[in-house]
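Undergrad: okay, predicted coordinates and the sequence, questions at the end:
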Amino acid sequence: MPLYQVIVLAIIQSLTEFLPVSSTAHLTLVPRLLSWTSPQLNSLDFDIALHFGTLAAVVIYFFRDWLQILCGAFGINCGEDPEYHHNHALLWLLAVATVPVGVLGYVFKAQAETAWRSPYVIGTTLIGVGLLMWAAERVGTFKRDLGEVSLTDALVIGSAQALAIVPGVSRSGITITAGLFRKFDRHAAARFSFLLSTPALAGAAAKTFHDLHKHGGLAPDMRTAFIVGMLVSAVTGWFVIAVFLRFLRTHTLSFFVIYRIIFGIIVIALALFGRA
């Protein structure tokens, strides 16, 4: 697998994992459009490299946050963020919110990796979630922060995350949208989404690592691609999280709504003409 393909796909993975535009849609369609046919593109080795890279990005960026959340769960104040001081149950709420994606991911794993990867499904979900995002922007009050996350919020946002097993939905897109419908401000909705992504990404990385171990471990010819893919996705992912959170302090999600709808239309059009 050429290193330039590794680097391009690792960057795409990081950009689209944390931005609300669907990583699966981009990683499925970009190689097709560029006529990249290497069998290693869909290998477990490369898949686990990208998962570990994006997991590293979110863990490193939110390390202090997780430390405060863990301390707060046991009644200890070990940080300066007042939002965490006001919600010592946040660790348990994140745990509750993680359950739906684990259950649905297990039940519908086969469909998510086969039939649901149809360009028609991807195009439709890109457009549909884009419209939901637009509606959330219209009705949101943007008044709540992480100190106000409740059990109901965790269940709603966690259930929304479970929908991300359908290609094109976007885990970050659907969870941020759900957060806006629950009246959180954009920055808080995104932070909760990224915190919630940590166990989801860890679970995905553990699953792919287990599958890789069953198949005999890392292939010798994939070692360089594995290391490069993991490092590029980690560095790019950290940067994307930082820029996106800063962006949301002063901007709406309108750009991503437009992008999703246009991209979804293009995907469906390409499918109709036999290009996707």
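TA: Here it is on my side, so go on.

Undergrad: shaky segments in the stretch 1-150 of the chain?
TA: Along the stretch 1-150 of the chain, segments meeting pLDDT under 70 span 38-45.

Undergrad: helices of that one, residue ranges please.
TA: For the stretch 1-150 of the chain, the helices defined by DSSP state H, counting those that start in this stretch occupy 3-18, 23-33, 44-61, 63-73, 82-85, 90-107, 109-113, 119-139.

Undergrad: who are the packing partners of the fourth one?
TA: For helix 63-73, the elements it packs on are helix 82-85, helix 90-107, helix 186-214, judged by 3 or more CB pairs under 8 Å, 6 or more residues apart in numbering; DSSP states H and E. Heads up, the C-betas are built off the backbone N, CA and C, glycines and all.

Undergrad: deepest of the helices of the stretch 1-150 of the chain, which one?
TA: The highest mean neighbour count among these, using mean count of other CB atoms under 10 Å, belongs to helix 44-61: a mean of 23.

Undergrad: could you say what helices and strands it packs with?
TA: Against helix 44-61 (3+ CB pairs under 8 Å, 6+ apart) you get helix 3-18, helix 186-214, helix 223-248.

Undergrad: got the angle between it and helix 23-33?
TA: Angle of helix 44-61 versus helix 23-33, following axes from the mean of the first three to the mean of the last three CA atoms, to 10 degrees, is 140 degrees.

Undergrad: distance check, Thr177 against Thr125.
TA: Distance, Thr177 to Thr125, using CB to CB, to the nearest Å: 12 Å.

Undergrad: could you count how many residues lie near Gly147?
TA: By other CB atoms under 10 Å, 15 other residues sit near Gly147.

Undergrad: who are the contact partners of it?
TA: Pro82, Glu83, Tyr84, His85, His86, Asn87 (CB atoms under 8 Å, 6 or more residues apart in numbering).

Undergrad: same check, this time on Phe244
TA: Applying CB under 8 Å, 6+ apart, we find Phe244 in contact with Phe18, Leu19, Ala190.

Undergrad: likewise Ala178?
TA: Under the criterion of CB under 8 Å, 6+ apart, the neighbours of Ala178 are Ala136, Val156, Ile157, Ser159, Ala160, Gln161, Ala189.

Undergrad: my read is that the second one contacts Leu180, right?
TA: The reference is to Val156. No. Judged on CB atoms under 8 Å, Val156 makes no contact with Leu180 at a distance of 11.3 Å.

Undergrad: neighbour count for those two, which is higher?
TA: Using other CB under 10 Å as the criterion, Val156 and Leu180 rank with Leu180 on top: 26 against 18.

Undergrad: which pLDDT value goes with the more buried one?
TA: pLDDT, Leu180: 97.

Undergrad: just give the closest residue to it, not the sequence neighbours.
TA: In this structure, Leu180 finds its nearest non-sequential neighbour in Ala136, 3.7 Å apart by CB to CB, 6 or more residues apart in numbering.

Undergrad: how near is the one you found to Ala189?
TA: Ala136 is 9 Å from Ala189, by CB to CB.

Undergrad: mutual contacts of the two, please.
TA: Residues touching both Ala136 and Ala189 (CB under 8 Å, 6+ apart) are Ala178, Leu180.

Undergrad: need the contact list for the residue nearest to Ala97 when sequence neighbours are not counted.
TA: Excluding the flanking residues, the one nearest Ala97 by CB to CB, 6+ apart is Gly158, at 3.1 Å. For Gly158, the contacting residues are Val96, Ala97, Thr98, Val99, Pro100, Val101, Leu196, by CB under 8 Å, 6+ apart.

Undergrad: can you check Leu3 too?
TA: By CB under 8 Å, 6+ apart, the contact list for Leu3 reads Thr224, Ala225, Val228.

Undergrad: going through these, which ones are buried?
TA: Buried subset of the contacts of Leu3 (neighbour count, 16 or more other CB atoms under 10 Å): Ala225, Val228.

Undergrad: distance to Trp36 and pLDDT added to the contacts of Leu3, as JSON lines?
TA: Shown next, in JSON lines, are the contacts of Leu3 (distance: CB to CB, whole Å; pLDDT from 0 to 100):
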{"residue": "Thr224", "distance to Trp36": "17", "pLDDT": "86"}
{"residue": "Ala225", "distance to Trp36": "13", "pLDDT": "84"}
{"residue": "Val228", "distance to Trp36": "16", "pLDDT": "91"}
